[in-house]
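J.: only geometry, no sequence info:
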């Protein structure tokens with residue numbers, strides 16, 4: 001019986017490690033000590049989120065682009081890093097995909113379109 005318990009405890013440990021790795025890969029890590037320090041752009045981005053009212057709900061990505069006035073790559077890189085680091089949560093919108101809407105959204109790694117974000 002003790003041998004079976006030891007095997008089960010070992011299996012639980014392996015599953016907990018696997019779950020932690022999956023959470024980290026999905027940007028859902030709950031361990032704040034493993035978070036990378038924020039870059040200047042990421043700090044400025046979070047400040048703009050708060051200015052736009054993200055603490056009270058969702059903020060439109062297009063609104064943040066207007067507030068910050070950064071070029072697209074700089075904005076997208078900061079947003080992507082914050083989302084993957086679990087600092088912000090991206091939300092899909094109902095906006096159609098067209099060239100005129102590109103400034104109002106963020107495209108994920110797999111082509112998903114996000115129009116809003118919030119804090120976890």
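T.: Nice, I can see it. This is a predicted model, so every value here is computed, not measured.
J.: Which helix in this structure has the most residues?
T.: The helix of greatest length in the chain, counted in residues with DSSP state H as the criterion, is given as helix 2-25.
J.: Make sure I have this right: residue 91 is in a helix.
T.: No: according to DSSP: H, G, I helix; E, B strand; the rest coil, the state of residue 91 is strand, so it is not within a helix.
J.: Can you tell me which helices and strands the helix or strand encompassing residue 75 packs against?
T.: Remark: residue 75 resides in helix 72-84, with elements defined by DSSP states H and E. Under the contact definition 3 or more C-beta pairs under 8 Å, 6 or more residues apart in numbering; DSSP states H and E, helix 72-84 sits against helix 40-51, helix 61-68, strand 89-92, strand 106-107. C-beta: built from backbone N, CA, C; applies to glycine.
J.: Indicate which one of those is closest to residue 10.
T.: The closest of the helices and strands packed on helix 72-84 to residue 10 is strand 89-92. By C-beta to C-beta, the value is 34.4 Å.
J.: Parallel or antiparallel, list what pairs with the closest one.
T.: Here the strand partners of strand 89-92, with direction, are listed using DSSP bridges: strand 113-118 (antiparallel).
J.: what does the average pLDDT come to for the strand it pairs with?
T.: For strand 113-118, mean pLDDT rounds to 86.
J.: That strand relative to helix 61-68, how many degrees between them?
T.: With axes from the mean of the first three to the mean of the last three C-alpha atoms, to 10 degrees as the basis, strand 113-118 and helix 61-68 are set at 70 degrees to each other.
J.: Any buried residues in strand 113-118, and which?
T.: Neighbour-count burial for strand 113-118 flags 113, 114, 115, 116, 117 (criterion: 16 or more other C-beta atoms under 10 Å).
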